[in-house]
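[1] below is the sequence, then the predicted model.
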Amino acid sequence: MQPLSVAAVDHEFVDASGVRFHVAMQGEGDRLALLLHGFPECWYSWRHQIPLFASLGYRVWAPDLRGYGRSAKPTGIAAYSVEALMRDVAALIDASGARTVTLVGHDWGGIIAWFFAIRRLRPLDRLVVMNAPHPFAAAPAFRTWKQRWRSLYALFFQLPGLPELLLRAHGHRAVGEAMRGNCVHPDRFPDEDLAVFREEAARPGALTGMLDYYRAFVRGGGWARQKALGAEVIETPTLLIWGEQDVALTKETTDGTAAWVADLTTHYLPDASHWVQQDVPDEVAAILTGWLAEPPRSEAKTRRNGDENQDRRKA
């Protein structure tokens, strides 16, 4: 699949939830595909999927999340609470005027998408999450040393100032190398693509805004508040796509997801990394196209390499 040309999308600014968002747009109609990127990315991480969703008849919005790229960058950790991030999604949906919404998230965008579906802030037609575990299903795995070791970077991000300094060094090289250095197919992360992410991270205030997601969730109490609220089963038909070569998240963080999602389809991709939609865009396109064409199912199914596995795992 050829990546999206920057010139092939419209770039507009949308005021929502008191924040000015830069949004890359393509397609028409009243079916919205809202794509939420992760850290340390921007709208461009969806360069392969934007034209795909548009070709399937969706109006696609891929915003720079608050704190990122050309979107506004509020100051203070509290501005990046998970509650504020969920309100952003609701406000963007309202601003779109769409009749139906397919919410798609990767990494931090996936965490936001999970909580948004759990809290049912707005009706969703479909939910797609890539390499971000359901927060309640993943809780047992995060108590293991295997996952705690992989999560040390998130603890480092709690420090003030120093993470920004390291990410800023050598022309924000670490931003690009976080992707190419931890992927399966480095040829799919050419210099010109990584330059986009570095340039967006170099905008004033961006690095702190990006890191404040982690700070608000941990020392800002975001996870503690959400955990105290508990969670009901998600009824929205949900697709989980997981690159198994994820250096930050173990596959075990997905165990038990079916207990929290009524209609779940999971695809594990052994030849893909955490950056799954960029690492193996053709495989992701085939999965999305097939799943979006299927009617919702009442029972969860897990697939591996296209073969169905009926073993439903419990939390």
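    Good, I have the coordinates. Nothing here was measured: the structure is a model prediction, and the numbers come from that model.
[2] how near is residue 141 to residue 293?
    With distances taken as Cβ to Cβ, to the nearest Å, residue 141 is found 32 Å from residue 293. Every C-beta, even on glycine, is put in place using the N, C-alpha and C of the backbone.
[3] comparing those two, which shows the higher neighbour count?
    Between residue 141 and residue 293, residue 141 has the larger neighbour count (other Cβ atoms under 10 Å), namely 19 against 8.
[4] so for stretch 18-32, mean pLDDT?
    Averaging pLDDT along stretch 18-32 gives 97.
[5] now do that stretch: distance from first to last residue.
    21 Å (Cα to Cα, to the nearest Å).
[6] so how far is it off the chain centroid?
    Mean-position distance between stretch 18-32 and its chain equals 16 Å (Cα atoms, centre = their mean, to the nearest Å).
[7] now residue 169: which helix or strand?
    Assigned by DSSP states H and E, residue 169 falls within helix 162-180.
[8] just the buried positions in that helix, please.
    For helix 162-180, a neighbour-count test (16 or more other Cβ atoms under 10 Å) marks 163, 164, 167, 168, 172, 174, 175, 176, 178, 179, 180 as buried.
[9] tell me which two of those sit farthest apart.
    Farthest-apart pair in these is 164 and 180; separation 20.9 Å (Cβ to Cβ).
[10] tell me where this protein has strands.
    Assignment of strands within the chain using DSSP state E yields the ranges 10-16, 19-26, 31-36, 59-63, 100-106, 126-130, 238-245, 264-273, 301-304, 307-309.
[11] rewinding a little: could you save the buried residues of helix 162-180 as CSV and add columns showing distance to residue 84 and pLDDT?
    Listed next are these as CSV, based on distance: Cβ to Cβ, whole Å; pLDDT from 0 to 100:
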residue, distance to residue 84, pLDDT
163, 21, 97
164, 21, 97
167, 22, 97
168, 25, 96
172, 25, 95
174, 26, 95
175, 23, 96
176, 28, 92
178, 24, 93
179, 26, 96
180, 31, 96
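[12] could you save those as CSV and add columns showing distance to residue 157?
    Shown next, in CSV, are those (distance: Cβ to Cβ, whole Å):
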residue, distance to residue 157
163, 5
164, 10
167, 10
168, 14
172, 16
174, 12
175, 13
176, 18
178, 12
179, 17
180, 20
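[13] the helix holding residue 169 - contacts with which helices or strands?
    helix 191-201, helix 206-217 (3 or more Cβ pairs under 8 Å, 6 or more residues apart in numbering; DSSP states H and E).
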